[in-house]
Structures are given as C-alpha cells and as structure tokens.
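Undergrad: Sharing a model prediction with you, sequence too.
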Amino acid sequence: MLIPIIGWIIFGLIIGALARLIVPGRQDIGLIRTTLLGIAGSFIGGFIGYLIFNGTPLQASGWVGSLVGAVLLLVIGMRSSRSSSAT
C-alpha cells in the first residue's frame with residue numbers, strides 16, 4: 001500500500017516540476033503544492049482523455065496527459081491569482 005503512494009508522490013513531483021518549467025513566469029508554490037499540482041494534473045489529463053476517447057471519468061493519465069493537465073491547471077491558477085490580486 002505504501003509503494004503506490006510513494007510512486008504517486010514522485011510522479012506528481014516530476015510532472016509538477018515539468019509543468020512549472022513549461023509555463024513562463026514566476027509561480028509562488030513550494031514543493032508540496034508542486035507535487036499536488038502534478039497529481040491533480042494527472043486526473044485532469046485523465047478527464048480530458050475521457051472527454052475525447054471515452055472511458056471512466058475519474059482516471060489517472062499517462063505522462064503526456066498528466067503534463068497537459070498540470071500545465072492547464074497551473075495557467076488557470078496563475079490567471080485567477082493575478083486577477084484576484086489586481087482587485
């Protein structure tokens with residue numbers, strides 16, 4: 001039970017870090033939020049895959065889908081934080 005959890009944490013950290021490298025600008029998030037970004041991106045990528053190819057709505061995605069989901073999540077988060085800090 002512990003090995004899959006550690007695998008998800010490492011996978012999330014790698015995907016979150018890659019997403020932060022791809023998206024330009026400064027992201028004020030730490031190591032834990034970067035890991036959570038990667039894990040959430042995997043599920044968002046899985047949901048996008050569900051919308052395109054059908055399957056189960058709540059599924060994890062592979063490397064590419066996870067990265068797409070994490071980048072999308074990071075861009076949305078940066079835009080929402082930028083608009084809320086401007087007001």
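TA: Good, I have the coordinates.
Undergrad: Going by neighbour count, which residues of stretch 26-46 are buried?
TA: By 16 or more other CB atoms under 10 Å, the buried positions in stretch 26-46 come out as 27, 29, 34-46. The way it works is simple: take the backbone N, C-alpha and C, and place the C-beta from them, glycine included.
Undergrad: Residue 8: which of the residues you listed is nearest?
TA: Set against residue 8, the nearest of the buried residues of stretch 26-46 by CB to CB is residue 39 (6.0 Å).
Undergrad: Chain neighbours aside, what residue packs nearest to that closest one?
TA: Among residues not flanking residue 39 along the chain, residue 12 sits closest, at 3.7 Å (CB to CB, 6 or more residues apart in numbering).
Undergrad: Do I have it right that that neighbour meets residue 42?
TA: Yes. Judged on CB atoms under 8 Å, residue 12 makes contact with residue 42 at a distance of 7.1 Å.
Undergrad: picking that back up, how many residues are close by the residue nearest to residue 39?
TA: By other CB atoms under 10 Å, the residues close to residue 12 number 22.
Undergrad: Checking it next. Helix, strand or coil?
TA: For residue 12, the assignment made with DSSP: H, G, I helix; E, B strand; the rest coil gives helix.
Undergrad: quick one: it from residue 20, how far?
TA: For residue 12, the distance to residue 20 (CB to CB, to the nearest Å) stands at 12 Å.
Undergrad: what sits in contact with each of these two?
TA: Common neighbours of residue 12 and residue 20 (criterion: CB atoms under 8 Å, 6 or more residues apart in numbering): 34, 37.
Undergrad: So, low pLDDT: which residues of the chain?
TA: 58, 83-87 (pLDDT under 70).
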